[in-house]
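[1] Quick one, what's the 3D model for this:
(one chain, ligands or ions: 2)
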Amino acid sequence: MNTKIRAVIFDLDGVLVFTDRFHYQAWKKIADELKIPFDEQINNRLRGVSRMESLEIILEQYYGTPLSSTCKEALAEKKNGIYRELLTQMSSADVSDAVRDTLTQLKKKNCLLAVGSSSRNTRFILERVQLTDVFDAVADGTMISRSKPDPEVFLKAAELLKIAPGQCLVVEDADAGIEAGKRACMRTAAIGDAAAHGKADYILSSLTELLSILDDKKR
Ligand code: B16
Ligand code: MG
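    Ligands and ions are numbered 1, 2, ... in the order given. The predicted model follows:
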């Protein structure tokens, strides 16, 4: 029988907030400058993947003069500057009612809440949308050396919550994140892009469905 779920670890981009459109716009500018094709399909491959690994994916279709690591770091830095400028548009209005209500209801059920994101901008984003105080723990890209599908960020979140991985449920929009949750020996719930691939334990069409998963006595 499965252990009771006592904590939910949320991915940030694509689950709690939709910063993926800003990632797209910022990477598109960099790709256009390098004359590299970039579309939604390539953007989907960047979900949950670190900034430098994202750049390497984009550069798969770059056939110009080889780029030094200094140059690649400058490109990633430039993308981040564009991205952070776009993030300044965000406010608490960018968190949907479904997200806020679900977090409130989960707290009422004494469920521990954490964020597990590859993003090094996690704290900045949580502040912008006024979600910082909601979470018992935040594990992000500044705390890990291996990004999803490696389980490091979710194991870090469980460690911060002082809870066993088997008592955690990961909510993810990326296949890489579902894989990371599974490797962390946690249960997984997919929403958005990852929901189409059926690799998770639960498929969500809305975050509110988490409430019935936690209520399900048979889980
Ligand atoms: P940053 P998540 C991930 O966040 C994004 O999905 C991914 O597209 C991005 O490259 C990564 O964060 C790093 O973000 O450049 O802000 O450090 O989905 O794990 O919350
Ligand atoms: Mg995501």
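[2] Tell me how many other residues crowd whichever residue of the chain sits closest to ligand 2.
    The nearest approach of the chain to ligand 2 comes at Gly14, 3.6 Å away (CB to the ion). For the C-beta atoms, the positions are set from N, CA and C on the backbone; glycine is no exception. Residues contacting Gly14 under the criterion other CB atoms under 10 Å number 23.
[3] Skipping adjacent residues, who's closest to it in space?
    Asp173 (3.3 Å; CB to CB, 6 or more residues apart in numbering).
[4] tell me the contacts of that neighbour?
    Shown here is Asp173, whose contacts under the criterion CB atoms under 8 Å, 6 or more residues apart in numbering are 11, 13-15, 20, 47-48, 190-195.
[5] next one: Phe22
    Under the criterion of CB under 8 Å, 6+ apart, the contact partners of Phe22 comprise Tyr83, Leu86, Leu87.
[6] got the contact list for the last one?
    The reference is to Leu87. Applying CB under 8 Å, 6+ apart, we find Leu87 in contact with Thr19, Phe22, Asn121, Phe124, Ile125, Arg128.
[7] among those residues, which ones are buried?
    Neighbour-count burial (16 or more other CB atoms under 10 Å) applied to the contacts of Leu87 gives Thr19, Phe22, Asn121, Ile125, Arg128.
[8] Buried residues in stretch 196-207, which are they?
    For stretch 196-207, the neighbour count (16+ other CB under 10 Å) marks Lys199, Ala200, Asp201, Tyr202, Ile203, Leu204, Leu207 as buried.
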